[in-house]
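[1] okay, here's the prediction I keep looking at, along with the sequence it came from:
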Amino acid sequence: MLSKLNPRQKEAVKYISGPLLVLAGAGSGKTSVITTKIAYLVNTCGISAKHIAAVTFTNKAAREMKERVTNLIKGKNARGLIVSTFHNLGLNIIRKERTILGFKPGFSIFDQQDALALIKDLMLKDLGDDGGLAEQFQNIISNLKNDLVTPEDAIAQAASPQEITVAQIYSRYQRTLKAYNAVDFDDLIMIPALLFQNHPSILEKWQSRVRYLLVDEYQDTNTSQYLLVKLLVGIRGALTVVGDDDQSIYSWRGARPENLDELSKDYPSLKVVKLEQNYRSAGRILKAANQLIANNPHAIEKKLWSELGYGDPIRVIKTRSEDAEAERIATEILTKHLHKKAEYRDFAVLYRGNHQAKLIELKLQAHQVPYKLSGGTSFFARNEIKDAMAYLRLLINPDDDNAFLRIINVPRREIGPSTLEGLGTYATERNVSLYSACSEMGLEQGLASPKVEKLRRFTHWLDKISENCERNDPIDAIKELFNDIDYEAWLHQHCSSPQIAEKRMANIWFLVDSLKQSIDKDEDGETGIKEAVTKLILRDLMERQEEEDESDKVQLMTLHAAKGLEFPHVYIMGMEEEFLPHRSSIEEGNIEEERRLAYVGITRAKQTLAFTLASKRKQFGEVHSSAPSRFLDELPDEDLEWEGRGDESKEVKQARGREALAGLKNLLDS
DNA sequence: CATCGTATAGTTTTT
DNA sequence: CTATACGATG
């Protein structure tokens, strides 16, 4: 089990007598350390798997880790092992402690969009605000939650009129969520953390459940996650955290890389192990990465090295326009592929902002190069999926007014604004949800009876579906739901072409199928429809994506999205001032995080690395000339091979080479 | 209620 | 420039 590890990694695995910080550079095998350590704890130390928890940030990381651990531990011995995201762990804590927290079964989880809609609504009602500031408010509220500031605290702390307004909206927002029997993403961490802080007996219970804790990507933890970890670990210090301060690229989201340094204050006996051997990249790439990141201040110095040879020069390609830049990358990938040098999947094109993907996408299409675009509009942002999710959420939680309002008239049930207004007044007066108001109302006068009749018909129908869910096969019941409302017909009415409508309907059935798989898997023996729907909201499915990963496609993604991945050949586009250090970061003076972003990009490359930049760029319709990124100056000059900056002879030669390749391509095409 | 037109903004986003 | 969102109009 330990034989595949290097001495430092072994040390990190075997040290279990106290808190441990593993400073793991990019590509240094940190996942191996975590997975092997879990196996070591179970197989060698005889600690029961059910007392071990490993926490990550993404579902993908959690899935991968779980798979690798179960391969190391004999199946049965892995029972009860917790490998999950922070949010999932929080969700499970809230579920188990639901009663004391005052939530009803089947509570909903609001994603950002739900939350934003709610905040907008509250601002409109309370302030008469047009909601233009809603995003900012949402951001502030999120930050408050990440810092464990309750609404009461916020009101007490508020100094300026602006802060008072935010605090009031925060307070209203939190109360409304409770009334909807719902929580948002930030609550999934904050609520358990506050619960543990205020209820020692509950904390003790969880401490005896989780006797050893491992945390991945610790540099990305925010204050509430930090406190959750600290409370859960308690004075025992049975903790291993793995992180890399140089890969902290989410500080704008509340991540505090300082949590790495502060660990030694919380645990004076903290042991630190550095992993500096890199198993991913050629030496030259690491040299460049090291030299770049050396420009950032460091509490603990770290220098990556590898035994993989020095590798090809790092190319810097300067083109005259953004169009030429994208064209250049596309043709180069194409020709390399035609020369059988590499599969398409071996290439990644990384960029700072999502909008940069458009041009390269276009060029790849023109050359018929298959590509996969990560990020962008997600599956869950699609309207049909949001409708479907609203139905599912309402099904498991009738108090979810947000979901109710989304679908009450989709498809049309002739329930318009005036009916809803009446219903809303009734519900607010009696402090009940819109859904229960539907069935309650009508016993008395209030609204004209045909309107009430429509509302009651709706609730009776959904009640029936809900009953079928409990008694019979829930999947059948859900299929019945979508057939009953004839969503397909509604789609056909609202889509420009029948093909699009069919595709959207297929998305719905894909969603239902994911639910089915989630229930069928039944790992914990208690995955019911409620849990399955919640999993969907937390985006924990994506079987289809795995299939897509198998296919041979060029990978297009932001630098942020590339963290944790690796590719033989990497292109980083837009290496220009105001772009890679991004303009707003320059203004805010946050160059260090931009440098880390560049560092993350560089360290994704295994064999070759190329930067591209354009000397002129069209921005919002107007042409601007742009300067090369300052980060290029921070790289070792002797390892860079410039193109488009003097050095004519070399370039002419290369241009000729490209022409020859284009000729070859024509030959192969015909 | 739907569609068309104009106004407006335009980093990153694991859950 | 282009995508999106909201408002006015039929």
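    Looks like it arrived, so ask away. The shown structure was predicted, so the numbers you read here are calculated from the model rather than taken from an experiment.

[2] name the element the nearest residue to A:Leu72 once chain neighbours are set aside belongs to?
    Closest residue to A:Leu72 apart from its sequence neighbours, by C-beta to C-beta, 6 or more residues apart in numbering: A:Ala39 at 3.7 Å. Heads up, the C-betas are built off the backbone N, CA and C, glycines and all. According to DSSP states H and E, A:Ala39 maps onto helix A:30-43.

[3] got the CA coordinates for that helix in CSV?
    The C-alpha trace of helix A:30-43 is given here as CSV (Å, rounded to 0.1, in the frame of the first residue of the first chain):
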residue,chain,number,x,y,z
LYS,A,30,-1.8,14.9,-2.8
THR,A,31,-4.9,12.8,-3.6
SER,A,32,-2.7,9.7,-3.2
VAL,A,33,-1.7,10.8,0.2
ILE,A,34,-5.3,11.3,1.3
THR,A,35,-6.6,8.1,-0.1
THR,A,36,-3.7,6.1,1.1
LYS,A,37,-3.9,7.6,4.6
ILE,A,38,-7.6,6.7,4.9
ALA,A,39,-6.7,3.1,3.9
TYR,A,40,-3.8,3.2,6.3
LEU,A,41,-6.0,4.3,9.2
VAL,A,42,-8.5,1.5,8.4
ASN,A,43,-6.2,-1.4,7.4
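
[4] so how far is the helix or strand just after it off the chain centroid?
    Sequence order places strand A:52-56 as the next helix or strand after helix A:30-43, per DSSP H and E. Distance of strand A:52-56 from the chain centroid (C-alpha atoms, centre = their mean, to the nearest Å) equals 17 Å.

[5] ok, and what's touching the helix or strand following strand A:52-56?
    Later in the chain than strand A:52-56, the nearest helix or strand by DSSP H and E is helix A:59-72. Helix A:59-72 has contacts (C-beta atoms under 8 Å, 6 or more residues apart in numbering) with A:1, A:31-32, A:34-36, A:38-39, A:43, A:54, A:56, A:78, A:81, A:83-85, A:88, A:216-217, A:538-540, A:542, A:564.

[6] show me what the helix holding A:Ala39 is packed up against.
    Judged by 3 or more C-beta pairs under 8 Å, 6 or more residues apart in numbering; DSSP states H and E, the packing partners of helix A:30-43 are helix A:7-14, strand A:20-24, strand A:52-56, helix A:59-72, strand A:212-215, strand A:239-243.

[7] wait, which of the ones you listed is closest to DNA strand B?
    helix A:59-72 (3.7 Å; C-beta to the nearest atom of the strand).

[8] mind giving me the packing neighbours of whichever helix or strand comes after that closest one?
    As assigned by DSSP H and E, the chain's next helix or strand after helix A:59-72 is strand A:82-85. Applying 3+ C-beta pairs under 8 Å, 6+ apart, we find strand A:82-85 packed against strand A:52-56, helix A:59-72.

[9] mean neighbour count, these: which tops it?
    Each of the helices and strands packed on strand A:82-85 was scored by mean neighbour count; the highest is strand A:52-56, a mean of 25, by mean count of other C-beta atoms under 10 Å.

[10] quick one: strands adjacent to that strand?
    strand A:82-85 (parallel), strand A:212-215 (parallel) (DSSP bridges).

[11] tell me the spacing between the residue nearest to A:Leu72 and A:Leu214.
    12 Å (C-beta to C-beta, to the nearest Å).

[12] any chance of the helices and strands packed on helix A:30-43 in JSON lines, plus distance to A:Lys96 and mean pLDDT?
    Shown next, in JSON lines, are these (distance: least, C-beta to C-beta, whole Å; pLDDT from 0 to 100):
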{"stretch": "helix A:7-14", "distance to A:Lys96": "31", "mean pLDDT": "97"}
{"stretch": "strand A:20-24", "distance to A:Lys96": "28", "mean pLDDT": "96"}
{"stretch": "strand A:52-56", "distance to A:Lys96": "14", "mean pLDDT": "97"}
{"stretch": "helix A:59-72", "distance to A:Lys96": "19", "mean pLDDT": "92"}
{"stretch": "strand A:212-215", "distance to A:Lys96": "17", "mean pLDDT": "97"}
{"stretch": "strand A:239-243", "distance to A:Lys96": "22", "mean pLDDT": "96"}
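
[13] can you put these in JSON lines and add distance to DNA strand C?
    Conversion of those to JSON lines gives the following (distance: least, C-beta to the nearest atom of the strand, whole Å):
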{"stretch": "helix A:7-14", "distance to DNA strand C": "45"}
{"stretch": "strand A:20-24", "distance to DNA strand C": "38"}
{"stretch": "strand A:52-56", "distance to DNA strand C": "31"}
{"stretch": "helix A:59-72", "distance to DNA strand C": "25"}
{"stretch": "strand A:212-215", "distance to DNA strand C": "36"}
{"stretch": "strand A:239-243", "distance to DNA strand C": "35"}
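
[14] next one: whichever helix or strand A:Ile119 is part of, is it in contact with DNA strand C?
    Element membership for A:Ile119, per DSSP H and E: helix A:112-127. No: Helix A:112-127 lies out of reach of DNA strand C by C-beta under 7 Å from any atom of the strand, never closer than 7.6 Å.

[15] any buried residues in that helix, and which?
    For helix A:112-127, the neighbour count (16 or more other C-beta atoms under 10 Å) marks A:Asp114, A:Ala115, A:Leu116, A:Ala117, A:Leu118, A:Ile119, A:Lys120, A:Asp121, A:Leu122, A:Met123 as buried.

[16] appreciated, that's everything.
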